[in-house]
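Asks: Provided below are the primary sequence and the corresponding predicted coordinates.
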Amino acid sequence: MTSRTTMTASEIGEIYSPAPFRYDFEYLLNWAEPFTLPLVPPDSAAFFSIGADSRDAEAKAQKIINKIEATRPSAPPGLKQYLDNHYSAIDARHTDELIRLQAKRQFLLDLQEKIIYKRLPTDDFSGIHVYAPGLTPAYLFYTYIDPHINVGKEFYIAQGFLFALMRSITAAQIEILLGQSLKIIHRKITTVNSKLAPTEKITSESNTITFSITPSIQLSTTLGAIGNSHYHNRQLETTLRSGRQLLARAAGAAASRLFNVGIGALLYSSELGNSDLYHETTLSLPADSLIPDLPDQLYEKALSHGVAESTYRIYTRNDIYTLIKNQQTASLESRVPLRPLYFDEATNSYISVPSQKFPIKLTLPAHTPGDTSTTKPGAQIPSYPYRGVTLNPLHIEASPLPALEPEDFKDCIYCFPPESGLPPLYVVFNSPYPGATTKGTYSGRPYNPDKAGGPIERLDWRKTKITADGIELVKLHTSRFEPSDANKIMIDRLKKILQGQLEATDTDKRFYTHEIRELERFRALEIPDKIRPEDRGEAWNNTHAATLEDYQLTSELELLYTPEAIEADDRQTARENQ
């Protein structure tokens with residue numbers, strides 16, 4: 001019998017634990033090396049039979065994959081209990097309801113961040129995600145072990161691949177469940193924000209973005225500022241500098257991608273109109289790092305809303321920030337708007353004044369050296385930092401500008417008062433809502449009311465009567481979107497209500513009236529039925545937001561969908577992201 005060199009017990013113990021594996025949210029959140037597995041690894045001697053065709057291992061590997069996948073539940077088990085336990089602990093610690101809500105929001109934001117940045121070994125097996133398109137994991141397993149399976153002294157390598165395969169497949173199941181959890185957690189954040197709105201003005205001030213006055217490349221969102229490490233900032237600065245140098249050598253107008261906005265594993269279904277998983281992002285950097293030769297008396301020009309000429313500008317689309325070199329310095333494309341910042345003594349901050357072109361309000365807290373003051377009792381509790389978004393440097397590569405065809409620059413140079421001694425900032429706004437010009441009073445959603453299919457009306461969903469014709473209109477409108485399990489459940493409910501099998505709930509009435517009204521707005525925009533415009537969701541967002549305003553509704557998904565429909569959407573999302 002050929003002797004085989006196998007992994008030692010110590011080596012196996014470093015990567016695998018025989019302790020019981022549990023599909024419990026808290027357990028999955030803390031799953032770490034040495035990893036437990038849903039299945040006990042098979043005996044290596046039996047699995048890798050001496051002299052057997054290595055193709056046999058492919059079939060055996062596929063059976064193991066199937067068995068591990070079959071262990072995954074359809075929804076994150078234990079998440080509700082985990083949230084309830086933490087909520088109860090917060091309620092026990094605090095008696096003031098406002099402080100309770102603030103603490104719950106912080107807990108949810110921290111939990112969201114922990115999930116997004118959790119390292120899962122989904123790529124340990126092959127170096128790429130185990131579910132990446134291409135060759136199946138079982139086939140890759142066969143190709144990896146084939147050179148080693150019948151070489152006695154290399155047998156431990158094949159054994160290691162088996163552990164790696166089981167580990168990566170298990171990690172993929174956990175990733176799916178944590179992705180479902182993120183959707184639920186985000187909805188919880190949205191609910192808490194709505195409750196805090198009367199005291200923190202979260203909704204009315206959700207068009208405010210805060211930056212530090214420190215001259216560096218910064219990314220911020222309407223949910224809070226995003227912190228970067230010193231090393232990460234240096235990476236971003238190097239990328240910007242390299243991009244400028246590359247375009248300077250390019251002949252004529254050219255462009256190069258610089259950064260992209262990363263949001264981890266967040267998943268959502270825009271067809272459902274649920275609250276978005278991140279809000280507007282804004283990039284800020286010292287203006288002289290892009291435009292070294294800024295004109296004199298810049299603040300005075302900013303007060304009169306003047307412009308500054310620049311060969312270079314940054315354009316954003318689909319969460320990618322692209323550096324552009326214009327060919328003609330006197331063209332419209334080279335004129336960057338100037339806007340002033342004012343010092344607000346009440347908040348000890350420099351602020352901008354929102355306008356139709358730049359609806360986002362910038363706030364830059366001023367820090368006085370040696371200032372040791374603290375927040376006074378009764379003062380507004382400061383908003384928490386938001387860390388669910390990252391700014392990532394991209395590979396620098398110049399391309400001809402005509403291929404980009406930027407539609408509209410959303411950049412501006414903001415100037416501090418001269419007495420502040422602070423350098424001007426170059427700011428680029430990025431919104432997930434194309435063409436949005438305002439925010440809804442009730443929904444809080446950015447949208448363009450001029451492209452929403454008519455003015456806002458004050459309608460009442462409570463007075464509706466569900467009819468067969470109305471249900472057909474709902475089916476007609478929702479058919480323009482991708483197939484949705486949640487929409488199917490809601491439409492089935494409407495049919496049962498019409499047949500007298502169900503009593504209509506407020507959720508049913510809101511869903512019914514919302515879809516019909518949204519259809520009316522689509523038709524007013526002369527968009528044919530069953531057609532979904534290729535406009536990055538602009539028409540849908542405008543009509544959806546306007547319809548919420550018609551019925552005086554916020555953006556919570558629970559207002560339009562039952563818990564059963566939301567769970568179905570979570571399962572569908574998990575399926576489609578496998």
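Replies: Yes, it's here.
Asks: count of neighbours near residue 166?
Replies: Neighbour count for residue 166, taken as other CB atoms under 10 Å: 24. In short, each C-beta sits where N, CA and C put it, glycine included.
Asks: now do residue 460
Replies: Neighbour count for residue 460, taken as other CB under 10 Å: 11.
Asks: So it is in contact with residue 551, correct?
Replies: Yes. Residue 460 lies in contact with residue 551 (CB atoms under 8 Å); the separation is 7.4 Å.
Asks: ends of stretch 309-323, how far apart?
Replies: Terminal residues of stretch 309-323 lie 15 Å apart, using CA to CA, to the nearest Å.
Asks: Mind checking the pLDDT average for that stretch?
Replies: The average pLDDT for stretch 309-323 rounds to 80.
Asks: Show me which positions of it end up buried.
Replies: By neighbour count with 16 or more other CB atoms under 10 Å, stretch 309-323 contains the buried residues 310, 311, 312, 313, 314, 315, 316, 319, 321, 322, 323.
Asks: got CSV for the residues you listed, with secondary structure too?
Replies: Below are the buried residues of stretch 309-323 laid out as CSV (DSSP: H, G, I helix; E, B strand; the rest coil):
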residue, secondary structure
310, coil
311, coil
312, strand
313, strand
314, strand
315, strand
316, strand
319, coil
321, strand
322, strand
323, strand
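Asks: From these, pick the one nearest residue 431.
Replies: For the buried residues of stretch 309-323, the minimum distance to residue 431 (CB to CB) is 8.7 Å, reached by residue 316.
Asks: So what pairs up with that closest one in the strands?
Replies: Beta-bridge pairing of residue 316 under DSSP bridges involves residue 321.
Asks: I figured it hits residue 324, correct?
Replies: No. The pair residue 316 / residue 324 is not scored as a contact, 10.7 Å apart, by CB under 8 Å.
Asks: all strands for the stretch 201-350 of the chain, in order.
Replies: With strands called from DSSP state E, counting those that start in this stretch, the stretch 201-350 of the chain shows them at 208-210, 218-221, 224-225, 254-262, 281-286, 307-309, 312-317, 320-325, 335-340, 342-344, 349-351.
Asks: Can you say which of the ones you listed is packed in most?
Replies: Across these, the average number of neighbours (mean count of other CB atoms under 10 Å) peaks for strand 218-221, which reaches a mean of 24.
Asks: Quick one: list the elements packing against the helix or strand hosting residue 64.
Replies: Element membership of residue 64, judged by DSSP states H and E, is helix 55-71. Helix 55-71 is packed against helix 137-145, helix 155-200, with contacts defined by 3 or more CB pairs under 8 Å, 6 or more residues apart in numbering; DSSP states H and E.
Asks: and if we set it to 10 Å?
Replies: Secondary-structure packing of helix 55-71 (3 or more CB pairs under 10 Å, 6 or more residues apart in numbering; DSSP states H and E): helix 44-47, helix 137-145, helix 155-200.
Asks: how big is the angle separating the longest one from helix 137-145?
Replies: Translated: helix 155-200. 140 degrees (axes from the mean of the first three to the mean of the last three CA atoms, to 10 degrees).
Asks: so for helix 155-200, what's the average pLDDT?
Replies: On average, helix 155-200 scores 86.
Asks: Which of the three states applies to the residue lying closest to residue 447 once chain neighbours are set aside?
Replies: Leaving aside its sequence neighbours, residue 447 sits nearest to residue 545 (CB to CB, 6 or more residues apart in numbering; 3.6 Å). Of the three states, residue 545 takes helix under three-state DSSP.
Asks: Give the full set of residues in contact with residue 545.
Replies: For residue 545, the contact set (CB atoms under 10 Å, 6 or more residues apart in numbering) comprises 273, 433, 436, 438-440, 442-449, 452, 456, 555.
Asks: do residue 174 as well
Replies: Residues in contact with residue 174 (CB under 10 Å, 6+ apart) are 23, 27, 28, 29, 31, 38, 72, 76, 118, 120, 121, 122.
Asks: Quick check: it vs residue 411, distance?
Replies: Distance, residue 174 to residue 411, by CB to CB, to the nearest Å: 41 Å.
Asks: What residues sit buried inside stretch 446-456?
Replies: Applying 16+ other CB under 10 Å to stretch 446-456 flags 446, 447, 448, 449, 451, 452, 453, 456 as buried.
Asks: What residues sit buried inside the helix holding residue 64?
Replies: Result for helix 55-71 [16+ other CB under 10 Å]: buried residues 57, 58, 60, 61, 62, 64, 65, 68.
Asks: Out of these, which one has the weakest pLDDT?
Replies: residue 57 (85).
Asks: any idea how far residue 195 lies from residue 98?
Replies: Separation of residue 195 from residue 98 (CB to CB): 9 Å.
Asks: which one in the contacts of residue 174 is the model shakiest on?
Replies: The pLDDT minimum for the contacts of residue 174 sits at residue 118, where the score is 84.
Asks: now the residue lying closest to residue 354 once chain neighbours are set aside, which residues is it bridged with?
Replies: Of all residues not flanking residue 354 in the chain, residue 361 sits nearest, at 4.8 Å (CB to CB, 6+ apart). Beta-bridge pairing for residue 361 (DSSP bridges): residue 208.
Asks: Just the pLDDT at residue 361, thanks.
Replies: pLDDT recorded at residue 361 is 86.
Asks: Residue 347 is in contact with that one, correct?
Replies: No. Using CB atoms under 10 Å, residue 361 is not in contact with residue 347; the gap is 11.5 Å.
Asks: Comparing those two, which residue is more hemmed in?
Replies: A direct count of neighbours by other CB under 10 Å for residue 361 and residue 347 places residue 361 higher, at 16 against 12.
Asks: chain center to stretch 471-478, what's the gap?
Replies: 30 Å (CA atoms, centre = their mean, to the nearest Å).
Asks: buried residues in that stretch?
Replies: Buried, per 16+ other CB under 10 Å, within stretch 471-478: 471, 473, 474, 477, 478.
Asks: before we move on, what about stretch 70-77?
Replies: Neighbour-count burial for stretch 70-77 [16+ other CB under 10 Å]: 72, 76, 77.
Asks: Helix, strand, or coil at the second one?
Replies: In terms of secondary structure, residue 76 is coil; the call rests on three-state DSSP.
Asks: what residue ranges in the stretch 401-550 of the chain are flagged as low confidence?
Replies: For the stretch 401-550 of the chain, the stretches flagged by pLDDT under 70 are 401-408, 432, 434.
Asks: Going by residue numbers, what spans are helices in it?
Replies: Remark: helices assigned in the stretch 401-550 of the chain by DSSP state H, counting those that start in this stretch are 468-478, 485-498, 506-524, 538-550.
Asks: Out of the ones you listed, which is closest to residue 181?
Replies: When the helices of the stretch 401-550 of the chain are compared (using CB to CB), the closest one is helix 485-498, at 17.6 Å.
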